[in-house]
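Engineer: everything below, folded, please.
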Amino acid sequence: MKLIKWFSAAVLNSYAQLFFSNNKWFGLILLSITFLDFYVGILGLFCVLTTLVLAYVLGINQYSISQGFYGFNSLLVGIGLAIYFKPSISLVILISAAGILTLFISLSYEGFLAKYGLPFLSLPFITVFWLLRLSTRQFQSLGFSDRGIYVLNELYSLGGNKLVKIYEWINAFDIPSAIKAYLLSLGAIFFQQNVLAGFLACIGLFLYSRIAFSLSIIGFLIAYFFYTILGIHFNEVYFSYIGFNYILTSIALGGFFIIPNASSYIAQIFIIPIVVVVSISLQEIFNLFNLPVHSLPFNLVVLTVLYGLKFREDNRIGLSTIFWQQNSPEKNLYFFNNYTERFGNESSFPIYLPFYGEWVVTQGHNGEYTHKEDWKYAWDFEIIDEDGRTYKNNGLFVTDYYCYEKNILAPADGIIEDIIDDIEDNPIGIRNLENNWGNTIIIKHTEFLYTQMSHLKKGSITCSKGQSVKRGDILGKVGNSGNSPYPHLHFQIQSAPYVGSKTINYPLSYVYLKNQKKGKLFQVIIPEKGDKISYLTPNLILKKSFHFIVGEQLTFKDESGRDVLWTVKRDYYTLVKYIECEKSNSKAYFRLDDNMLQFTHFEGDKKSMLYYFYLASYKVSFGFTNRLELSDKIPVNMVFKPYSLLIHDFFAPFIPFLHCIYHLSYPDVNTGLISKPIKLKSSIVKTFFGKKVDSIEFELEEDQSGIKYLKVHNKRSKNEKWVVKS
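Structural biologist: Numbers count the residues shown, from 1 in each chain. Sure thing, here's the model as predicted:
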């Protein structure tokens, strides 16, 4: 039963993939379109099944099979042959052979193009179909079909008078030439030259994706007007044979392989005319061989543009390519915007504060004293008291300064590159200009990433050159050596291994900023002068509760007493970790480090406990201080109902007006090593043009044994509570 369900999904996805989708309802609509000609529908389905069964038997990647990646080209080959030839045993044999050939051609294209990070699109279909069109000229047992000529007879045999009346009702409308050509172009994707097929495909496309629907119209109209402007002869039927190239190109480069936004929409104004020129040129060439161009223009232009974009040094015009394909322009857009807003500024290798406790930035980037020119990206740190002073007594001695002899820590894992540890401290107000940097430690973290800590105390450095260090290791103490009139820590990040090398603009990670009564935790930040900053030491209870390990299992009990089992897993292709619910088959993807748990994506049942846990603990810092509050944004498609997004989807690439805000509140007291349970309260607030329209509230309790329970309070439904089974 499970295998049948899996194959059914693979079949429907094979149809949906014609429009880059894995929406099974859309696939069902497209499947029904092929059955407007019963024999075409049957033979197209047969070709798909041939490919899928063979791929399964050969042990091809099951995920790729189930997503329809290998089936949609076979579908096009199958229905193409079924349209051209009369049903016969010979045709069935030919189509089965075509399905087998298409699979191996698809795998070959995939293997070649994957090296360049490119999709194989419908190149397998074009290759196989051309081969068969050329070879079948010698197959005398195959008779050419006259289907498509007597449309009413075919519709009557399929659906009787009702289907004929629907077709006549649609044709009775005085449809403008452009709209009719658009619908015929959609139908031509399935080799069907009738408005009904295009109309059904149009409805399915709208239900699947409003962005794809709008792009299909935009791409088509640009081509239509380009024909008009250049005076190219226009014929509805002829145009529809190549018109789908403009539709598919616009969807692909406007919202599927490229994130849909104003730039991607505007880009179609320049891309679609290129497709028109390529289409007309190729048609002239292939007419010599009596072969149709089919989707070749679409393939050539899309692959050329995607490949060309890989050579950019920056994304100055906003054409961002997909890095996690979700088979929906809307999902791609919402995920991309959310992910880049949350993680777009983070560094590839995090550098943390080189000290414990709260310090203040007394000189930041482009500082007024010494942080100039090549050394402008640096910080000076000191410790101040409640009155804002950096010293006690009268500050005449180095020992009066609060930061003097405080421990300096390794800001990240690395190897000690260089050390200076023989320069005496200066008396207050005196500078040692001959030894500008004073006692210094240089750490190599990665190639071209080094940190330098200077003005340390003589003889305080505890590490040696070439030694490996871990983040948080004590390396030395703050002093007053070098060009330093009073004790402070000079800290800079650089790309070279030498003392005093040119600095680079690189952020610090996981910094708690407290400038007013209320502080804020930053994942990455460039601290400025006057900022009071500190590192929040992880709370052991929170770290144990949320530090999920691959293979770990958690069992919850719902209010009815039923067990709900979760397992922590890893995708071994992407190395992304996720929690999977055995009952609902849902998955919650997350990022985890020593400081924080952050969920990035959810797939599955939005009534499951895992979904509510994903929302409740969307972002959890293991370290916290009194009344710390965290906030973040959640993609709107993760919270809003699909029907609520119908209108918003059209505007989302330009002006999104729906938002989901996550908020997490910590208790008053940081329990640290104390075993007292911790209650976290979080909420999800949905807004419309900035105004609150709905909310969900959560409560999570943790103790030394881990997560104890999750409570959910939704104003529109009853409260629910899940308890961890011990």
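
Engineer: where does G476 land in three-state SS?
Structural biologist: Under the three-state scheme (DSSP: H, G, I helix; E, B strand; the rest coil), G476 adopts strand.

Engineer: what about it, neighbour count?
Structural biologist: Neighbour count for G476, taken as other CB atoms under 10 Å: 25. For glycine as for every other residue, the C-beta is placed from the backbone atoms N, C-alpha and C.

Engineer: likewise for the one 4 residues further on?
Structural biologist: Neighbourhood size, N480 [other CB under 10 Å]: 27.

Engineer: need the pLDDT of it.
Structural biologist: pLDDT for N480: 97.

Engineer: likewise F38?
Structural biologist: For F38, pLDDT reads 85.

Engineer: state the distance from it to P87.
Structural biologist: 10 Å (CB to CB, to the nearest Å).

Engineer: where does the closest residue in space to G198 that isn't next to it in sequence fall, secondary structure wise?
Structural biologist: Excluding the flanking residues, the one nearest G198 by CB to CB, 6 or more residues apart in numbering is L183, at 3.1 Å. Using DSSP states H and E, L183 sits within helix 177-188.

Engineer: show me what contacts the residue nearest to G198?
Structural biologist: 175, 195, 198-199, 202 (CB atoms under 8 Å, 6 or more residues apart in numbering).

Engineer: want to try CSV for those, with neighbour count as columns?
Structural biologist: Compiled in CSV, these are given as follows (neighbours: other CB atoms under 10 Å):
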residue, neighbour count
I175, 16
V195, 21
G198, 27
F199, 18
C202, 19
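
Engineer: and which of those is nearest A9?
Structural biologist: Checking the contacts of L183 against A9 with CB to CB, the nearest one is C202 at 24.2 Å.

Engineer: contact partners for that closest one?
Structural biologist: Here C202 is in contact with 182-183, 186, 213 (criterion: CB under 8 Å, 6+ apart).

Engineer: at 7 Å what do you get?
Structural biologist: 183, 186 (CB atoms under 7 Å, 6 or more residues apart in numbering).

Engineer: now the one helix or strand it maps to: buried residues?
Structural biologist: Counting by DSSP H and E, the element that carries C202 is helix 195-208. Within helix 195-208, the residues that count as buried by 16 or more other CB atoms under 10 Å are 195-202, 204-205, 208.

Engineer: ok, stretch 294-304 next?
Structural biologist: Buried residues in stretch 294-304 (16+ other CB under 10 Å): 294-303.

Engineer: just stretch 554-562 next, same as before
Structural biologist: By 16+ other CB under 10 Å, the buried positions in stretch 554-562 come out as 554, 556-557.

Engineer: any idea which element S464 lies in?
Structural biologist: Applying DSSP H and E, one finds S464 in no helix or strand.

Engineer: the nearest residue to it once chain neighbours are set aside: how many residues sit nearby?
Structural biologist: Leaving aside its chain neighbours, S464 sits nearest to I416 (6.5 Å; criterion: CB to CB, 6+ apart). Neighbours of I416 under the rule other CB under 10 Å: 19.

Engineer: in the helix holding L183, what's buried?
Structural biologist: In helix 177-188, counting by 16+ other CB under 10 Å, buried: 178, 180-188.

Engineer: would you list these in JSON lines and tack on pLDDT?
Structural biologist: Formatted as JSON lines, those follow (pLDDT from 0 to 100):
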{"residue": "A178", "pLDDT": "81"}
{"residue": "K180", "pLDDT": "85"}
{"residue": "A181", "pLDDT": "85"}
{"residue": "Y182", "pLDDT": "90"}
{"residue": "L183", "pLDDT": "89"}
{"residue": "L184", "pLDDT": "87"}
{"residue": "S185", "pLDDT": "88"}
{"residue": "L186", "pLDDT": "90"}
{"residue": "G187", "pLDDT": "87"}
{"residue": "A188", "pLDDT": "85"}
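
Engineer: and those as CSV, adding distance to K577?
Structural biologist: Listed next are the buried residues of helix 177-188 as CSV, based on distance: CB to CB, whole Å:
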residue, distance to K577
A178, 50
K180, 51
A181, 49
Y182, 45
L183, 46
L184, 48
S185, 44
L186, 41
G187, 44
A188, 44
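
Engineer: show me which of those residues is closest to L610.
Structural biologist: L186 (38.4 Å).

Engineer: that closest one: what's it in contact with?
Structural biologist: So L186 contacts 198, 201-202, 244, 247 (CB under 7 Å, 6+ apart).

Engineer: repeat that for V639.
Structural biologist: V639 sits in contact with 660, 684, 686, where contact means CB under 7 Å, 6+ apart.

Engineer: which pLDDT value belongs to it?
Structural biologist: 95.

Engineer: try the one 5 residues further on
Structural biologist: The model reports S644 with a pLDDT of 92.

Engineer: count the neighbours of the nearest residue to it once chain neighbours are set aside for me.
Structural biologist: Nearest non-adjacent residue to S644, counting by CB to CB, 6+ apart: L658, 7.5 Å away. For L658, the neighbour count with other CB under 10 Å is 21.

Engineer: from what I can see L658 touches V636, true?
Structural biologist: Yes. Here L658 reaches V636: they are 4.8 Å apart, a contact under CB atoms under 7 Å.

Engineer: for I189, see how far away V40 is.
Structural biologist: Distance from V40 to I189, by CB to CB: 13 Å.
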